[in-house]
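*Asks:* I'll drop the sequence and a predicted model, then ask my questions.
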Amino acid sequence: MSLFIYNTMTRKKEEFVPLKENQIGMYVCGVTVYDYCHVGHARAAIVFDTFYRYFQYRGYEVLFVRNFTDIDDKIINRANEQGVDWQEINRKYIDAFYEDMGRLNIAAPTEEPKATDHIPEMLEMIQSLVDQDKAYESEGDVFYSIKSFKEYGCLSGKNNDDLQSGARVEVNETKRNPLDFALWKKSKPGEPFWDSPWGPGRPGWHIECSAMSKKYLGDTFDIHGGGKDLVFPHHENEIAQSCGCTGKQPVRYWVHNGFVNIDKEKMSKSLGNFFTIREVYKKYHPEVLRLFLISSHYRSPIDFSEKNLEDATKVLSRFYEGLAGVQEKIGSLDSATIPDFSKKVKDHPLTQKFEAAMNDDLNTAVAMALMNEELRKLNTAVQIKNSDNLGKLAVAVTAWKDAGKILGIFCLTPEEFEKELFEIKNSNLGLDVEKIEKLIADRKSARQSKNWAEADRCRDDLTEMGVLIEDTPTGTEWKLK
RNA sequence: GGCGCCGUCGCCAAGUGGUAAGGCAGAGGUCUGCAAAAUCUCUAUCGGCGGUUCGAGUCCGCCCGGCGCCUCCA
């Protein structure tokens, strides 16, 4: 079954055929490390992590490159504000990035290049553009000359005239054309700099991605990803640079994820309506955030709200509870004793439908619907008394778990999840576990003496505290609402 | 002003032109001392108006409403 991916360049879903038969080159724009990541960054990371996982599941070797922009005005400003070295800002926020993304189960890319480790590659590219008259030096800055690239605007669907008439770019007298963009910026006194043929300076933003993608993935590679907001000018400029330098189209499939919105508006620094990932973790489990972010299609906007996060918490809790139930039912059954186990998993209807959904431009929303439907079947199977079909159940739950893992959930055991969820919820409630257990014990003895009024009183007290109880054949269990 | 996207049940959210997935919430049944959990059943004609078509949420036009990019931004 073929995989179809929406290509921003052609504005169509296209059958995905990599350049090399079994290998995929994928470059995704990472973050500028001057602050904590917010939920918008989380979405981008999750979307391309899911592509990465799914490609690997399909048997491809994936060369996945995700960069860190570690030199930039904002980094310098932040360093000045805090009176520290700019590299210290980098270190701090790269560490934070790994911590935040790690908890979201974002897999490590093949390469994570930093811009400042690739100054020579960038200089080489800039030199090539200058040599070809596609870039020019002006008072220590080097600009890319838009008029040298007649396809400029092909990705974003803009034409130069429209851009110029609506140009909001800062007027810069040293540019020949207001739309020309910086490849190299002369450093101001006190700023970090690198030597170059045009004097001390630092790279413009766009050139790092052109240089690093070329270095790690070649002149032309399969996928370039990032948030929709990077289409123009960042990716447009990358095309101009790479194409200008090598004469080849650098990217075969451009993939862009939609925004995370708050009250229908884009979450962004400038609007100040953002939540950092670590803030969200105080109230919601990381896997819940992940599940929330894959519950709609990656190209659609998604509205970040407490209600939606709470819904996602309920769904994931049900998943893990279902998983626990199935595992208990299956017991110690060893799947190795089941003939053709992996083939059976592969042929399972869920696996087939899941692949069909993912093949349709990574439709994780449909995949989630399938996960819910399968859970219902699993729960039903668990309740059936005879255990003749434990093998079938093992196949089904494996198919279910495997699909979940591609979506980035089920990275914990049900017990671990339950424990972590409790800790998060309880960190906001501060309940006394001993008191809860005392009430449950009191209720138990009341029930044993059939003192239902007293038993219900205990339960009411617990309910008021936010504790839900479930009487099961093996005893009373409880959790937080 | 230019380019583009979106408007599907109370809420969230899928949907290749053939008569609307899934989740949350809600109603009823099974189970339970009663609950909870689980499970079963039920709940939409797709912003509006025209058009194309045997047939449109799904294509075209117009209108209304919302959003994004055109400056750094995932």
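*Replies:* Yes, it's here.
*Asks:* the domain parsing of chain A - what is it?
*Replies:* If the domains of chain A are taken from automatic domain parsing, they occupy A:4-266, A:306-415, A:431-480, with pieces of a single domain joined by a plus sign.
*Asks:* next, count neighbours for the residue nearest to A:Val31 when sequence neighbours are not counted.
*Replies:* The spatially closest residue to A:Val31, leaving aside those adjacent along the chain, is A:His41, at 5.6 Å (C-beta to C-beta, 6 or more residues apart in numbering). Yep, even glycine has a C-beta here, placed from its N, CA and C like the rest. In terms of burial, A:His41 registers 22 neighbours under the definition other C-beta atoms under 10 Å.
*Asks:* same check on A:Ser427?
*Replies:* 10.
*Asks:* surely it touches A:His285?
*Replies:* No. Under the criterion of C-beta atoms under 8 Å, A:Ser427 makes no contact with A:His285, lying 11.6 Å away.
*Asks:* which non-adjacent residue is nearest A:Tyr298?
*Replies:* With sequence-adjacent residues excluded and distances taken as C-beta to C-beta, 6+ apart, A:Tyr298 is closest to A:Val47, at 4.5 Å.
*Asks:* for the host helix or strand of the one you found, which positions count as buried?
*Replies:* A:Val47 belongs to helix A:39-57 when elements are defined using DSSP states H and E. By neighbour count with 16 or more other C-beta atoms under 10 Å, helix A:39-57 contains the buried residues A:39-55.
*Asks:* need the contact list for the residue nearest to A:Tyr298.
*Replies:* A:225, A:257, A:293, A:298, A:362 (C-beta atoms under 8 Å, 6 or more residues apart in numbering).
*Asks:* 10 Å instead, please
*Replies:* The neighbourhood of A:Val47, defined by C-beta atoms under 10 Å, 6 or more residues apart in numbering, consists of A:28, A:225-227, A:255-258, A:293-294, A:297-299, A:362, A:364.
*Asks:* any stretches of chain A with poor pLDDT?
*Replies:* Confidence mapping of chain A against pLDDT under 70 gives the ranges A:164-173, A:386-388.
*Asks:* longest helix in it, by residue count?
*Replies:* Among the segments of chain A that qualify as a helix by DSSP state H, the longest is helix A:306-330.
*Asks:* got the CA positions of the helix or strand following that helix in CSV?
*Replies:* Past helix A:306-330, further along toward the C-terminus, the next helix or strand under DSSP H and E is helix A:341-347. In CSV, the C-alpha atoms belonging to helix A:341-347 read as follows (Å, rounded to 0.1, in the frame of the first residue of the first chain):
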residue,chain,number,x,y,z
PHE,A,341,2.5,-14.6,15.7
SER,A,342,4.1,-11.6,14.0
LYS,A,343,2.4,-12.5,10.7
LYS,A,344,-0.9,-12.6,12.5
VAL,A,345,-0.3,-9.3,14.0
LYS,A,346,0.6,-7.8,10.7
ASP,A,347,-2.6,-9.3,9.1
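*Asks:* which outside residues touch helix A:341-347?
*Replies:* With C-beta under 10 Å, 6+ apart as the test, helix A:341-347 has contacts from A:334-335, A:338, A:340, A:351-352, A:355, A:391-392, A:394-403.
*Asks:* got the contact list for the residue nearest to A:Val31?
*Replies:* Under the criterion of C-beta under 10 Å, 6+ apart, the contact partners of A:His41 comprise A:30-31, A:35, A:97, A:100-101, A:227, A:260, A:267, A:274, A:276-277.
*Asks:* look up how far RNA strand B lies from it.
*Replies:* Distance check for A:His41 against RNA strand B: by C-beta to the nearest atom of the strand, to the nearest Å, it reads 4 Å.
*Asks:* got JSON lines for the domains of chain A, with distance to A:Tyr281 too?
*Replies:* JSON lines is the format used below for the domains of chain A (distance: least, C-beta to C-beta, whole Å):
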{"stretch": "domain A:4-266", "distance to A:Tyr281": "7"}
{"stretch": "domain A:306-415", "distance to A:Tyr281": "11"}
{"stretch": "domain A:431-480", "distance to A:Tyr281": "17"}
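*Asks:* just say which of the ones you listed is most tucked in.
*Replies:* Most buried of the domains of chain A by mean neighbour count (mean count of other C-beta atoms under 10 Å) is domain A:4-266; its value is a mean of 19.
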